[in-house]
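1. Following is a predicted model, sequence given first.
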Amino acid sequence: MMNIPQHTGSKNRKFNDYSFYEKSSNYYLLPFKFHRLPIDKEVIVNEFGDFLIVPTGTVARIVSREILTDDPADVELVRDLISNFFISETPIPSLLDILSTRYRTKKSFLDHFTSLHIFVISLRCEHTCHYCQVSRVTSDKGKYDMSRFHIDKGIEMMMKSPSPHITMEFQGGEALLAFENIVYAVEKAKKAAMQQGKTITFVICTNLALVTDEILDFCHEYKILISTSIDGPAFIHNKNRHKANANSYQLAVEGITNCRNKLGAEHVSALLTTSAISLEHPTEIVDEYVKLGFNNIFLRPISPYGFALKSETKNKYETTRFVEFYKTALDHIIQLNLDGYFIREDYATILLKKMLTPFPVGYVDLQSPAGMLTNVIVFNYDGDIYVSDEARMLAEMGDFTFKVGTLGETGYQDVFYGEKASVLSEAMANESLAGCSECAYQAYCGADPVFNYATQGDIYGYRPSSSFCQRNMSIITHLITLMDSNPRIEKIFRSWITGKN
Ligand code: SF4
């Protein structure tokens, strides 16, 4: 019979005497964290993101050594705990090498350092979207287009990345207003990549209003991916994305059809920007994506850059509304899948990949260490360099905190390993952030110093009132609860990861 250590029963929060922890049992604890679910269960999560859903009170039994490895009632639980590395039968697990390999694999998105290089090729735009802080309706190319000098210097810096796989993404304003500079940049970068033995992927982010056959021919030749925006049905899209004397929705839909015909459907994707009006129409937005033939939709959260900046109450309110919107839309998406139409929600898929597979996920907003600098860098139209796209949006609002250099003036080392990078790196790992360090969802979540700074005034942030935390905690809890509620939903979630029905 196992010797079961008894808890002292003390109600205070002090550590027990050493003898309490020394008490023998026939298992040893490995590092894990837990979270109480709203269904009288709790989820325990290990360092690599493996999780088990167990009845409430199980964690207390595990840590108090009350689980009996020879009790038939606990046999299944003990087997799960050992095989998923929550407890070990030896002080040092015999499969320690496997554990370290798994941890390395989860963090292997860091192996090649920065891959995504965003070139803000022009700040000019012919739309006046109400949520956009960066567009300039102007024909002053000299002032708001990236110069050839800065394009050259950006390509030089991009080629210094250790990554063998580079992505060069053109953003605006409306990137196609500077199409002749995109042609120049693509041809030059392609040559440079070939000389350096790197593969390079090009992406143009565009509202598609200006797309022509000539542009599509060029995109076809260089296998350029098109990322556009669809905010929902026409009544939402046109309200969000105003274009003088034109129907923005119609132009986007026609553009998507032309791109699909010329480039292939897999070369065209659409992104949703959730605005206040979107929050009232979750199912209509999903149905619009289905109507347009998409098999994925990215329910992106509201950006705090602008309307809710540094307003804690408003942030919390908006986040609560967003989570409700997200859950309703997700329910609808799941039902569509149950009815036989494959459509995946991208934010959930990123989280589910972290939860259900051993593989790394390189999505910059949910990474620890954070994706800024390690995964993405932004070259602005005026040559300024920022750690992320959100950092450059802050700069457009007059805050240059996250500017790390200027093309043609600042060297690679100073940008990626300089003083600012060093200060930022202290807040880039959620493993060492207060609140996150004990959070069960740490392996799924990320760190975002720019978001913390923009919404709470410092790069470390404060989790109890963080809308980033509120959103991720709610969504992750919801996904776990859904999987526990119905095995068919877990099957659908797994199909989103593999992309197969
Ligand atoms: S931000 Fe919140 S949900 Fe994410 S790891 Fe930190 S405490 Fe957990």
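-> Happy to help now that I have it.
2. Next one, pLDDT for the residue of the stretch 51-200 of the chain found nearest the ligand please.
-> Minimum separation of the stretch 51-200 of the chain from the ligand (C-beta to the nearest ligand atom) falls at residue 51, amounting to 13.6 Å. In short, each C-beta sits where N, CA and C put it, glycine included. Per-residue pLDDT puts residue 51 at 96.
3. repeat for residue 304
-> Residue 304 is assigned 65 on the pLDDT scale.
4. Nearest residue to the residue of the stretch 51-200 of the chain closest to the ligand in space, please, no chain neighbours.
-> Spatial nearest neighbour of residue 51, chain neighbours left out: residue 45 (4.5 Å); criterion: C-beta to C-beta, 6 or more residues apart in numbering.
5. Repeat that for residue 364.
-> Distance criterion C-beta to C-beta, 6+ apart; nearest residue to residue 364, sequence neighbours excluded, is residue 371 at 2.7 Å.
6. show me what contacts the one you found?
-> 362-365, 388, 446 (C-beta atoms under 8 Å, 6 or more residues apart in numbering).
7. ditto for residue 47
-> 30-32, 85, 99, 103, 443.
8. how about the longest helix seen in the chain: buried residues?
-> As assigned by DSSP state H, the longest helix anywhere in the chain is helix 312-338. Residues of helix 312-338 classed as buried: 315, 318-319, 322-323, 325-327, 329-330, 332-334, 336-337 (neighbour count, 16 or more other C-beta atoms under 10 Å).
9. cool, and stretch 401-410?
-> For stretch 401-410, by 16+ other C-beta under 10 Å, it's 401-407, 410.
10. Now the two most distant members of those.
-> 401 and 407 (18.9 Å; C-beta to C-beta).
11. what secondary structure does the residue in the stretch 1-150 of the chain that the ligand sits nearest to sit in?
-> Nearest residue of the stretch 1-150 of the chain to the ligand: residue 35, at 8.6 Å (C-beta to the nearest ligand atom). What DSSP: H, G, I helix; E, B strand; the rest coil gives for residue 35 is strand.
12. try residue 163
-> coil.
13. related to what we said a few turns ago, number of nearby residues for the residue of the stretch 51-200 of the chain closest to the ligand?
-> 25 (other C-beta atoms under 10 Å).
14. again, but for residue 495
-> 15.
15. That one contacts residue 340, doesn't it?
-> No: with contacts counted by C-beta atoms under 8 Å, residue 495 stays clear of residue 340, the gap being 11.9 Å.
16. can you tell me how far the residue of the stretch 1-150 of the chain closest to the ligand sits from residue 42?
-> For residue 35, the distance to residue 42 (C-beta to C-beta, to the nearest Å) stands at 7 Å.
17. again with residue 473
-> According to C-beta to C-beta, residue 473 stands 14 Å off from residue 42.
18. do residue 284 as well
-> Taken as C-beta to C-beta, the span from residue 284 to residue 42 is 36 Å.
19. cool, residue 324 as well?
-> For residue 324, the distance to residue 42 - C-beta to C-beta - is 24 Å.
20. Does residue 260 lie in a helix or a strand, and which?
-> Using DSSP states H and E, residue 260 sits in helix 248-263.
21. low-scoring stretches of the chain, by residue?
-> 1-12, 20-24, 130-141, 304-317, 500-501 (pLDDT under 70).
22. Cross-check the contact I'm expecting between residue 345 and residue 295.
-> No: if you go by C-beta under 8 Å, residue 345 and residue 295 don't touch, sitting 10.9 Å apart.
23. more crowded one of the two?
-> Shown here are residue 345 and residue 295; by other C-beta under 10 Å, residue 345 has more neighbours (24 against 14).
24. Next up, the contacts around the more buried one.
-> Applying C-beta under 8 Å, 6+ apart, the residues contacting residue 345 are 296-299, 329-330, 333, 496.
25. Show me where the stretch 401-501 of the chain has its strands.
-> Taking DSSP state E, counting those that start in this stretch as the test, the strands found in the stretch 401-501 of the chain are 403-406.
26. Near the ligand, which residues of it are found?
-> Residues of the stretch 401-501 of the chain that fall close to the ligand, judged by C-beta under 6 Å from any ligand atom: 430, 435-436, 439, 441-442, 445, 463, 468-469, 472-473.
27. can you tell me which two in these are farthest apart?
-> So, these by C-beta to C-beta: farthest apart are 442 and 468, at 13.3 Å.
28. what number of residues lie near the nearest residue in space to residue 423 that is not next to it in sequence?
-> Computed as C-beta to C-beta, 6+ apart, the closest residue to residue 423 that is not its neighbour in sequence is residue 459, at 7.7 Å. Per other C-beta under 10 Å, the neighbour tally for residue 459 reads 22.
29. now do residue 196
-> Neighbours of residue 196 using other C-beta under 10 Å come to 14.
30. pretty sure it contacts residue 159?
-> Yes: with contact defined as C-beta under 8 Å, residue 196 reaches residue 159; the gap is 5.4 Å.
31. Could you give the number of residues near the residue of the stretch 251-400 of the chain found nearest the ligand?
-> Per C-beta to the nearest ligand atom, residue 368 is where the stretch 251-400 of the chain lies closest to the ligand, at 8.1 Å. Neighbours of residue 368 under the rule other C-beta under 10 Å: 21.
32. i'd like the first residue to be 195 from this point on
-> New numbering, starting at 195: the last item is residue 562.
33. sec struct for it, please.
-> coil.
34. and it, how far is that from residue 610?
-> 18 Å.
35. for residue 639, same thing?
-> 24 Å.
36. what are the phi and psi angles of the residue of the stretch 245-394 of the chain closest to the ligand?
-> In terms of degrees, to the nearest 10, the main-chain angles of residue 245 are phi -130, psi 160.
37. so it makes contact with residue 549?
-> Yes: the criterion here is C-beta under 8 Å, and residue 245 meets it with residue 549 at 6.4 Å.
38. list residues touching both of the two?
-> In contact with both residue 245 and residue 549: residue 674, using C-beta under 8 Å, 6+ apart.
39. residues in contact with residue 431?
-> 424-425, 442-443, 446.
40. hmm, I was thinking of residue 559
-> Contacts of residue 559 (C-beta under 8 Å, 6+ apart): 565, 640, 642.
41. now, among these, which is nearest to residue 469?
-> Among the contacts of residue 559, and counting by C-beta to C-beta, the member closest to residue 469 is residue 642, at 20.9 Å.
42. Test my guess that the closest one contacts residue 662.
-> Yes: using C-beta under 8 Å as the test, residue 642 is close enough to residue 662 to be in contact (5.9 Å).
43. More neighbours: the two, which one.
-> residue 642 (27 against 23).
44. Please tell me how far the more buried one sits from residue 539.
-> For residue 642, the distance to residue 539 equals 20 Å [C-beta to C-beta].
45. repeat for residue 364
-> 26 Å.
46. just residue 269 next, same as before
-> Taken as C-beta to C-beta, the span from residue 269 to residue 539 is 37 Å.
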